[in-house]
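In: Predicted structure and sequence below. I'll ask about it afterward.
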Amino acid sequence: MSKTQLGVIFGSRSCEREVAIISAVQLMNNVNTEKYDVIPVYISEQGMWYTGEALRKIETYKNFNPDAKGIEQVHLDITAGSGALLATRPGKGLFGKPEQVVARLEVCVVVMHGLNGEDGTLQGMLELANLPYTSTGVAGSAIGMDKIMMKQFFKGADLPVLPGVWYTRSMWEANRNAILEDVEQQLGYPVFVKPANLGSSIGVSRADDREGLEDSLDLAFDYDRRVLVEKGLDKPIELNCSVLGYDDDVEASPIEMPISAEKFLDFKEKYLASGGSKGMASLHRILPAPIPEELRDRIQALSCDIFRMMDCKGVVRIDYMWDRNSDEIYITEINTIPGSLAFYLWENAGVKYSQLIDRMVMCAQRAHEDKNLRNYAFTSDILKSVSLGGSKGAKGTKGCKGAKL
């Protein structure tokens, strides 16, 4: 039985590129090599694509050299169904063909965190290439990446979110005082200030007064032109739940309670507190979270509902804040490609990382099969009656049922 050619796509032009590298190397080290041939596909900070066995070692990225042995620059043939990674190599003879197929991807595991990968852009390219991939689709990925649109989606679905307001960089530059006053009037203190399109807590800070708010907004606008400001809670408990599946076959993981020494989990605590080599898996946590069974069931059910609403696929993680005083829970965000693929949550449920990868691949293949069941064969006689000649062009041409084109 032939092995599946499993492309692991990671990196990209993102502030979270290094986190994605750690997540991808973790995953490649846990793939069942009896089932899959692993093909690393690294997208560099400059947007160049590379493959090669050297990319499976974390040491390769400490001082990345694209000319090193075991690394080759490639690009993806996006012809539907091709899956070919192409490299430009010196040809032999007068009629040598310099562009050669290095590998053919059959399924893609997308391990991207942040822009240019987790936000639906890469997913759109893989849709055009008609390749199965493990992450949430274009629409769900785009909504999940943008905190402002995400909050509006959740509010529209009547889901529990914290009060918030958002602003653009041009608004901030035009009238800083007006924005400061607006935040104080609508939300009060404390508040959390977040760039709209970043994860891993990059650019996120807490403000407890006007001076802190001004500094927080300056910081967030350095990372994005749109910024979300959310009302803070008094000593909330953070709770995270992963969901795995596709379509109606959806399952929620045990719930974790991250432990922070600070007022909130920033990038340093998430990824550097234990050396950073294990990504989110190294975070201090209580797992499963010591919460009432009723709250656990509520969060797991809500997580599955969100997964279905956003038509997610593969593995996601949904983060919550629990206000113990009111017993209310609030959705903080959804991570459509969570750090370390949330494998540690599934290991607590008895699912080995290699088995989690198998299930993610199965989800990708099922979604791909469903996509190819769509009817693309609809035809009409509209082109037979179209004429683009003459001074009127297509304006005077009658379309279906007499409608003008």
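Out: Yep, that arrived.

In: which residues in the stretch 201-350 of the chain form helices?
Out: With DSSP state H, counting those that start in this stretch, the ranges of helices along the stretch 201-350 of the chain come out as 210-223, 267, 293-309, 343-347.

In: pLDDT of the shortest one, averaged?
Out: Helix 267 shows a mean pLDDT of 44.

In: Equivalent analysis for the longest one, please.
Out: Taken as a whole, helix 293-309 carries a mean pLDDT of 98.

In: which phi and psi does Val25 have?
Out: Listed backbone geometry of Val25 is phi -60, psi -40, with angles given as degrees, to the nearest 10.

In: Report the contact partners of it.
Out: Contacts of Val25 were listed using Cβ atoms under 8 Å, 6 or more residues apart in numbering, and they are 56-58. Using the backbone N, CA and C atoms, a C-beta is placed for each residue, glycine as well.

In: same thing with Lys151?
Out: Contacts here follow Cβ under 8 Å, 6+ apart; on that basis Lys151 touches 161, 164, 228.

In: Could you pull up the residues touching the second one?
Out: Gly164 makes contacts with 151, 187, 228-231, as judged by Cβ under 8 Å, 6+ apart.

In: just the last one next, same as before
Out: Contacts were defined as Cβ under 8 Å, 6+ apart; by that measure Leu228 touches 147-148, 151, 164-166, 193-196.

In: Can you tell me which of the residues you listed is closest to Gly11?
Out: For the contacts of Leu228, the closest approach to Gly11 (Cβ to Cβ) belongs to Pro195, at 20.1 Å.

In: Skipping its backbone neighbours, what lies nearest the closest one in space?
Out: Across the structure, with Cβ to Cβ, 6 or more residues apart in numbering as the measure, the residue nearest Pro195 apart from its sequence neighbours is Asp224 (3.7 Å).

In: what's the answer for Val243, then?
Out: Nearest residue to Val243, sequence neighbours excluded (Cβ to Cβ, 6+ apart): Phe307, at 4.3 Å.

In: Check the gap between that neighbour and Glu293 for me.
Out: From Phe307 over to Glu293 the distance is 21 Å, taken as Cβ to Cβ, to the nearest Å.

In: who's more crowded, the two?
Out: Neighbours per residue (other Cβ atoms under 10 Å) separate Phe307 from Glu293, with Phe307 holding more: 25 against 7.

In: was I right about that one contacting Asp247?
Out: No. Phe307 sits out of contact with Asp247 when judged by Cβ atoms under 8 Å, with a separation of 10.2 Å.

In: Now go through the contacts of Val25 and say which are in strands.
Out: Using DSSP state E, no member of the contacts of Val25 falls in strands.

In: Would you format those as CSV with neighbour count included?
Out: Output for those, formatted as CSV (neighbours: other Cβ atoms under 10 Å):
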residue, neighbour count
Arg56, 18
Lys57, 14
Ile58, 14
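
In: ok, of these, which one's closest to Ala364?
Out: Checking those against Ala364 with Cβ to Cβ, the nearest one is Arg56 at 20.6 Å.

In: Leaving out the residues flanking it, which one is nearest to the closest one?
Out: In space, Arg56 is closest to Met28, 5.1 Å off (Cβ to Cβ, 6+ apart).

In: give the contact list for that neighbour.
Out: Taking Cβ under 8 Å, 6+ apart as the contact definition, Met28 lies against 8, 38, 40, 56.

In: Show me the residues you listed that map onto strands.
Out: Within the contacts of Met28, membership in strands is found for 8, 38, 40, as judged by DSSP E.

In: Phe343 versus the second one, what's the distance?
Out: Distance of Val38 to Phe343, given as Cβ to Cβ: 16 Å.

In: More neighbours: the two, which one.
Out: More neighbours sit around Phe343 than around the other of Val38 and Phe343, counting by other Cβ under 10 Å; the figures are 26 against 20.

In: Burial check on the closest residue to the more buried one other than its chain neighbours, number of neighbours?
Out: The spatial neighbour of Phe343 that comes closest, neighbours along the chain excluded (Cβ to Cβ, 6+ apart), is Tyr353 at 4.5 Å. Here the number of neighbours of Tyr353 (other Cβ under 10 Å) works out to 20.

In: Same check on the one 5 residues further on?
Out: Asp358 is surrounded by 16 other residues when neighbours are defined as other Cβ under 10 Å.

In: Surely it is in contact with Asn32?
Out: Yes. The pair Asp358 and Asn32 qualifies as a contact (Cβ under 8 Å) at a distance of 6.8 Å.

In: Next, please give the residue ranges for the strands of the stretch 1-150 of the chain.
Out: Assigned strands in the stretch 1-150 of the chain, in chain order: 4-11, 36-43, 49-51, 72-76, 84-88, 99-104, 107-111 (criterion: DSSP state E, counting those that start in this stretch).

In: from the chain's centre, how far out does the last one sit?
Out: To tie it back to what came earlier, the one meant is strand 107-111. Centre-to-centre, strand 107-111 and its host chain are 12 Å apart (Cα atoms, centre = their mean, to the nearest Å).

In: Over to the shortest one?
Out: For strand 49-51, the gap between its own C-alpha mean and the chain's C-alpha mean amounts to 20 Å (Cα atoms, centre = their mean).

In: Pairing partners for it, with directions?
Out: Its sheet considered, strand 49-51 pairs with strand 36-43 (antiparallel), strand 72-76 (antiparallel) by DSSP bridges.
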